[in-house]
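Engineer: below is the sequence, then the predicted model.
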Amino acid sequence: MAEAMITLKNVNKSFGKNKVLEKINFSIRKGTFTVILGASGSGKTTLLRLIAGLDFPTGGKIFINGKDVTQEEASKRNISMVFQSYALFPHMNVRENIVFGLKIRKVKKEEIEKKLSTVTKMLKIDNLLGRKPSELSGGQRQRVALARAIISERLICLMDEPLSNLDAKLRSSMRKELKSLQEKLNLTVIYVTHDQIEAMSMADEIILINNGKIEQHADPKTIYENPKTIYVAEFIGTPPMNIFNINLIKNSNIKLPENAEKAGVRPESISFERREIKIGDGEIVFCEYHGSETIYSVKVNETLINVKSIEGKHTIGEKISLYCNREQLLFFNREGRKL
Amino acid sequence: MERHSLYKSKLTALMFILPTLVILIIFLYYPTFQTFKMSLYRVAFLGLSKQFVGLENYRYIFSSPEYRKIFLNTAIFVVLSVVISLVIGLFLAVLANQKIKGKTVFRLLLIWPYALPPAVAGVIFLFLFNEQSGMVNYILKHVANIALPWLSKSYLAMGVVITAFVWKMVGYNVVFYLAALQNIPKDIIEAAKVEGASIFQTFFKVTLPMLSPITLFLVVTNTIAAFFESFTFIDLITKGGPADSTTVIIYSIYRDGFEYFKTGLAAAESVILFICVVILTLIQLRVSRRMVHYEK
Amino acid sequence: MKKILMALMAVLTAFSSALAQEKIHITFWHAMGGSRAAFIDRMVQDFNYTHPNIEVKAQYKGSYRDTLNSAILAYKQGNAPHIVQIFEVGSQLALDSGIFMPFQNLVKPGNYALLNDFIKPVANYYRIKGNFNSVPFNSSNPILYYNKSLFKKAGLDPENPPKTFDEIVDACVKLKKAGVRYCITWPLHSWFVEQWIAEQGALLANNENGRKARATNIYINSKPMYRIMKWWKDLYDKGYYAYSGKPEDWDGANNLFVSQQAAMLITSTSDVTILENAAYEHGFKLGTGFLPVPDGIKRNGVVVGGASLWVTKGHPKKELEAAKEFLLWFTNTENEVRWHKGTGYFPVRESAVKVLKFERWFDKHPAYRAAFDQLLQTIPNRATQGALIGNFPEIRTIIENAVQEILAGKPIKAVLKEADRKADQALKRYNMSVR
């Protein structure tokens, strides 16, 4: 196992009376792609800014490569960053933008040229070097910002929702490109997003934060299959996990864990055919046809349950029974923690 | 190709610009033309009697050591006051842009001098730098036991009028720089920091270039103000003295034209001033094409 | 009560507007600001009241220069004021401008007694080539004001102010010892230089000070001028003389004196009233004396300063008559006495002087006496008549610049020579322009 590249210990951050982050603890290993996932206002961008050194924590410590950098300026942290707005220098052309950091650090001219050509070829922007940012498309700017971040060959790269300003198609191709770039350069990436698809598709690890606290820190598979809390369960997946009161299945003859208040099941785990557990009888109130699959909203005793099925033959108004297997059922206590 | 016009006919369009045109002709173009014409005459009593002398007025101005001194004074005054007022204005704007307590008060105080009528500002400076009873000498006397001849020593007097002008203009520059600074996206400054730039590198390589459009604007407006608005300060504080060492061209135009009744000469000086301002502005605009970056 | 008043006012307004139809309107532009403007307004009101067929409107037009400029511009546009107040050194300029008519042409020879009543030195100045071109109005000259309290403190005779340059220096030595910050002050103004030239019986311009024919040569590089500058510079170098640093700063000099930083002040007699009040407020006794003169010369007298009233030409006869009537009334004996008492400017008529003497005015107000005696003792000749120079304002600047250069340490002779050259050149250009 690779050593910890970034470690946060008991980090707090508040703006005035407003607590934005509370007791943040985690470690990130070298060469991993970590996604900080959360809704807007959850504190994820603040967390990234603390790591970057653009803001400073009100409590706790931050280590990079084993060194305490809690009070160190951004310029000394040896990291690179891609901003949501790209933050390209508007008065410089593409070339000047990309080599800005190298020039600041007085890297030799030949070396700069060599790196520049490698990076721009890799990102396919070598034909844009003379242009000003205002003459570039959104995708091109994104690449320039990336180039500026990776040319420095700094091992840590922070990205703040870098894809959110791109259109859907470009976004999905960039996801793949980013991921392969990270692997190729063995970068330690911390990537902030509110988009769970981005998180699931790119992350080695996901740190899901809610209201300034970490809900769960795990790999995507664990997050998906074994969410620690109802919040996580409901955040991940389209549509998200169905959460319902335990009473709905109390009369099915299975043994429920102690203190279980709520139960959860993924829409794709529900079947219309008989399985170990019957969730209940209901009526289809809505269907959403996606081609390869269809999402049905089924009303069971006033509870709305989403079902994802490859069967597209059912229609609105149809009475139907819902089943699932025992191991697909998750149980949560009163506080929303998984049992 | 057919051209679409908003107005039915050229006449309609003309009617709309006519009022402005008439005002411009009466109050701008015609007087300018008259000034050019007047500069070719030897005029007495504001035009009551005149004789054509061709370029004699210009010849006289360019060959006279007194006028050469006036041009030199003007150059010193304009260059120093523009540079100093811009540098201080930018410096204070950067300070005012920080997250500090009471910054609204701070900003208000900075802007206040500009709101003051120049005549009042001039009198304030006269009181400050009065050699016997001025505040500045009073303090100097107590602190260092010296008193400087602020108004009777030529370079000090020039310093005083430049200070007065700078003090007045700084507020104006602060307002514009502050607005421009607040328009610079925070991200861009942070990006520079992340790339390893120090505060100074960030300022000189990122902030300053991004302020270039406003700087150009301020250079042009400050230069023009230095040429023209210096009049009040000089008239109130030094009257061009000691021994003409603070007489700049605008003050000389006033004196020649309205105190000495050398209207033709004053007209020629005005024309020279006009040409100077036009040339300077053109140079500034040309330089700007290389140096100034405009956002889209 | 209020209603009655209102009704009365309404009647009066109707009455006066009925009269107004036949009234002759006269405009009068002057350069007297502040309390003096109010004083003029009061006098004009009295005139309008006593002359129901004439309506004079007095307007303050700023400085002397501004007033003259406005008059010339107004004349060009065809609506010149009837009467304009013009400062003494503007006399030649006013003549050259050609927009004024000689006042004497309006007065019938039978009434010349009115013109002959003007006191000698005043008449001397304003009678150009035998004619009164304008009516003398406010006249002044420089006198020495001194702080009797500080004089006493320094062991000087408070009733016997210094009369010569050397006596000033001697007094300064004692005053300095007694702890006075600066000994003496006066505004850095060419006017004083002109006065000291006249006191030495010297001329400022050729052709008998420009009185016999148009002046073509200015005498700046002269012995009398050198004497003045040498003394001035010595006083300055020893720290006896101080000025605010700004040329022509009358208030600055007054402030130094009033604040008792300087024990002596040389300035216009027209400030007597102001300075008497200020001295009282600041708790010191004010004395006045003659303008100090260089040693070893015979006191020749001073040149009349101030201004006169000019009539512009081109108005209908009726209006010119009205203007004349106003001017003669405005400067009559009674009004001269009022004007003097109110401002400190001289009464310019012999008869007014007689009235004041009869009232023992000078005994009651001794501060006014020096001003007066100095004028009466002036010997009428070309020197005290004052120079007529068309571009006098510009010559003044040249002289003031020379003084500043000398005080700043440049050699006197070289500065005077250069100033002389500049002045002659400037005059030549002026003369060419008026041909």
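Structural biologist: That came through, no problem. Numbering: from 1, shown residues only, chains lettered A, B, ... in the order given.
Engineer: domain ranges for the chain?
Structural biologist: I went with chain A, as the question did not name one. Using automatic domain parsing, the domain parsing of chain A gives A:4-235, A:246-332.
Engineer: not what I meant, chain C
Structural biologist: C:2-139+C:304-364, C:142-302+C:375-434.
Engineer: just confirm residue B:241 is within a helix.
Structural biologist: No - read with DSSP: H, G, I helix; E, B strand; the rest coil, residue B:241 is coil and lies in no helix.
Engineer: I'd say it and residue C:401 touch.
Structural biologist: Yes - with contact defined as CB atoms under 8 Å, residue B:241 reaches residue C:401; the gap is 7.2 Å. For the C-beta atoms, the positions are set from N, CA and C on the backbone; glycine is no exception.
Engineer: hmm, residue C:320 is touching residue C:314, no?
Structural biologist: No - Residue C:320 is not in contact with residue C:314 according to CB under 8 Å; the separation is 9.4 Å.
Engineer: which one of the two has more residues nearby?
Structural biologist: A direct count of neighbours by other CB atoms under 10 Å in any protein chain shown for residue C:320 and residue C:314 places residue C:320 higher, at 20 against 11.
Engineer: buried ones in the helix ranked longest in chain B?
Structural biologist: Secondary structure of chain B per DSSP state H: the longest helix is helix B:65-96. Neighbour-count burial for helix B:65-96, counted by 16 or more other CB atoms under 10 Å in any protein chain shown, picks out B:67, B:70-71, B:73-74, B:76-78, B:80-82, B:84-86, B:88-90, B:92-94, B:96.
Engineer: and stretch B:223-238, by the same measure?
Structural biologist: Within stretch B:223-238, the residues scored as buried using 16+ other CB under 10 Å are B:223, B:225-227, B:230-238.
Engineer: between the residues you listed, which is nearest chain A?
Structural biologist: residue B:223 (23.2 Å; CB to the nearest CB).
Engineer: now do the same contact list for that closest one.
Structural biologist: Each residue near residue B:223 by CB atoms under 8 Å, 6 or more residues apart in numbering or on different chains is listed here: B:78, B:82, B:277, B:280-281, B:284.
Engineer: which pLDDT value does the model give it?
Structural biologist: With respect to pLDDT, residue B:223 scores 91.
Engineer: residue B:283 versus that one, what's the distance?
Structural biologist: Counting by CB to CB, to the nearest Å, the gap from residue B:223 to residue B:283 is 10 Å.
Engineer: distance of the residue in the stretch 301-435 of chain C positioned nearest to chain A from residue C:222?
Structural biologist: Here the stretch 301-435 of chain C gets closest to chain A at one residue, residue C:408, 49.1 Å apart by CB to the nearest CB. As judged by CB to CB, residue C:408 and residue C:222 stand 21 Å apart.
Engineer: same question for residue A:176.
Structural biologist: Applying CB to CB, the value for residue A:176 to residue C:222 is 99 Å.
Engineer: with neighbour numbers in mind, choose between the two.
Structural biologist: Using other CB under 10 Å, the more surrounded residue of residue A:176 and residue C:222 is residue C:222, with 17 against 11.
Engineer: for that one, give me its contacts.
Structural biologist: C:197, C:202, C:416.
Engineer: residue A:217 now?
Structural biologist: A:26, A:205-208.
Engineer: and it, what element?
Structural biologist: strand A:213-218 (DSSP states H and E).
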